[in-house]
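1. Just the structure for this:
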Amino acid sequence: MTTTGIQQLGDVRSGKLAGNITAFGRALRRAGVRTDAMRIALAAEAVTLVGVEDRLDLSAAMEAVMVSREQDRMVFRELFDAWFRDPELANKLLAQMLPSAEGKAEPSKRRPRVREALTAPRNPAKPAELAKPDREIEFEFDAAMTSSDRQRLQHADFNALGASEYRLVERLARDIRLPIPELPSRRLRVAGDAGRQHARMHWPGVLHEAARTGGEILRLPKLARRQQPLPLLVLVDVSGSMERYARLLLAFLHAATRRAGRRDVFAFGTRLTDLTPAFRLADTDAMLGAASLAIDDFAGGTRLGSSLTELRRAHTRRLTGRRTLVLVISDGLDTGEPSLLEQELRWLKRHSRRLLWLNPLLRFEGYAPLARGASVLHRQADAMLAVHNLSALEQLAASLAALMRSGR
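-> Numbering: from 1, shown residues only. This is a model prediction of the structure:
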């Protein structure tokens, strides 16, 4: 057999095919696709069964065993086409990105996750460094970032981030604080100097002070209402169109509202899922793990109306009078009946202090809530705020305070 008869994917007898499949699996992991050693081994077995004569059959066989989520299929197909077109393609792509490359390359039209998987790392790891834990390697990458990198990530849409950028932005989002607006409670406390303006006389305290000083009144204790944060109810859309935002915003809210008072969190897709027990965990990563186990309709459809019906019937006590601040995090692409959604939103608005819609689609200039669900949400919500990048999350706290002061 001549060398011209050998497939471009490599000769399986010399081990090149297995090496290519292993390297391709690693590239998929860099692109954020959930692929482990077992799936890579299954892909190698699938290739031996279908052969390498037909690229479509080969791609379909590998995709069937290496991809488990619908949203990863297009990433797999783009990366497969790029990776197996030429056995030296990876080296060529990396060479084009070196400083010595002549001319200016045209902007790639590939998805960010595919571009990142085909891009050489800034500091290639030495053999001794391969055993370092992921957290240490990520920390070094974070420390090596330039100010321009940070500025770009500050305004980058969460949906346009590569896999490593997404992990880094998720960590940065955990450092953003979200002070919940406070209101006077019914409980009273002895007022300090700063809170004596609206305080009232504490007559038992006055008599107690006088008894200690032999009838002389040297100080007039006063009482003022305690300040407490508003109870918080968060409803997070975990449908397919919100997948890239849901995990990051859950991590942000868990860390940002850690010191809040009462905090109830629900995920909704095709059904309602109570994430409040997961949010009681102190560690954000542990919370995300518990939430992923609890949500069984992740990356599915969106039926906010029926989810609110379940909230009203089974969790009404989560709403503390008319003091609760409700945050609905969704793109408004609801597939349920608009009449049911409007009915349930009206009920929710009557039983809460403010109903705020946090919408990632505000990243588009000239966005208008024209979809049926979005139109209903826009009519019933007290305000619509952006949550599509780090800058928008930082502005969220100031926007909440302004809305509470304005009384809108």
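2. is it true that residue 333 touches residue 374?
-> Yes - here residue 333 reaches residue 374: they are 7.0 Å apart, a contact under Cβ atoms under 8 Å. C-beta: built from backbone N, CA, C; applies to glycine.
3. These two: which is more packed in?
-> Set residue 333 next to residue 374 and count neighbours by other Cβ atoms under 10 Å: residue 374 wins out with 22 against 18.
4. What confidence value was assigned to residue 71?
-> pLDDT, residue 71: 71.
5. isn't it right next to residue 299, touching?
-> Yes - contact criterion Cβ under 8 Å: residue 71 and residue 299 qualify, at 6.2 Å.
6. can you list residues touching both of these two?
-> Counting by Cβ atoms under 8 Å, 6 or more residues apart in numbering, the contacts common to residue 71 and residue 299 are 240, 243.
7. The stretch 101-250 of the chain: strands as residue ranges?
-> For the stretch 101-250 of the chain, the strands defined by DSSP state E, counting those that start in this stretch cover 182-190, 200-201, 222-229, 232-237.
8. packing partners for the longest one?
-> Contacts of strand 182-190 with other secondary structure elements, assessed using 3 or more Cβ pairs under 8 Å, 6 or more residues apart in numbering; DSSP states H and E, are made with strand 222-229.
9. Using PDB, write out the CA atom coordinates for the strand it packs on.
-> Only the C-alpha atoms of strand 222-229 are listed here, as PDB (Å, rounded to 0.1, in the frame of the first residue of the first chain):
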ATOM      1  CA  LYS A 222     -34.100  57.500  72.600                       C
ATOM      2  CA  LEU A 223     -35.500  54.800  70.500                       C
ATOM      3  CA  ALA A 224     -35.300  54.500  66.700                       C
ATOM      4  CA  ARG A 225     -36.500  51.800  64.200                       C
ATOM      5  CA  ARG A 226     -34.000  49.200  63.100                       C
ATOM      6  CA  GLN A 227     -32.900  49.300  59.500                       C
ATOM      7  CA  GLN A 228     -33.200  46.000  57.800                       C
ATOM      8  CA  PRO A 229     -32.700  44.900  54.100                       C
END
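10. Within the sheet, what are the partner strands of it, with directions?
-> Using DSSP bridges, the strands paired with strand 222-229 are strand 182-190 (antiparallel), strand 200-201 (antiparallel).
11. That one: which residues count as buried?
-> Residues of strand 222-229 classed as buried: 222, 223, 224, 225, 228, 229 (neighbour count, 16 or more other Cβ atoms under 10 Å).
12. Report the distance from it to the chain centre.
-> 35 Å (Cα atoms, centre = their mean, to the nearest Å).
13. who touches it?
-> 179-191, 195-196, 198-202, 205, 260-261.
14. Show me which of these are buried.
-> For those, a neighbour count by 16+ other Cβ under 10 Å gives the buried set as 180, 181, 191, 195, 199, 202, 260.
15. Just the element for the last one, please.
-> If I follow you right, that is residue 260. For residue 260, there is no enclosing helix or strand under DSSP states H and E.
16. separation between it and residue 383?
-> Applying Cβ to Cβ, to the nearest Å, the value for residue 260 to residue 383 is 19 Å.
17. pLDDT weak spots in the stretch 151-300 of the chain?
-> Regions of the stretch 151-300 of the chain meeting the criterion pLDDT under 70 cover residues 192-198.
18. distance of the residue of the chain positioned farthest from its centre from residue 202?
-> Centroid-distance maximum for the chain: residue 214 at 63.2 Å, with Cα atoms, centre = their mean. The gap separating residue 214 from residue 202 is 20 Å, by Cβ to Cβ.
19. try residue 281
-> For residue 281, the distance to residue 202 - Cβ to Cβ - is 40 Å.
20. so which of the strands paired with strand 222-229 comes closest to residue 397?
-> Of all the strands paired with strand 222-229, strand 182-190 sits nearest to residue 397, with 12.7 Å by Cβ to Cβ.
21. Brilliant, that's me finished.
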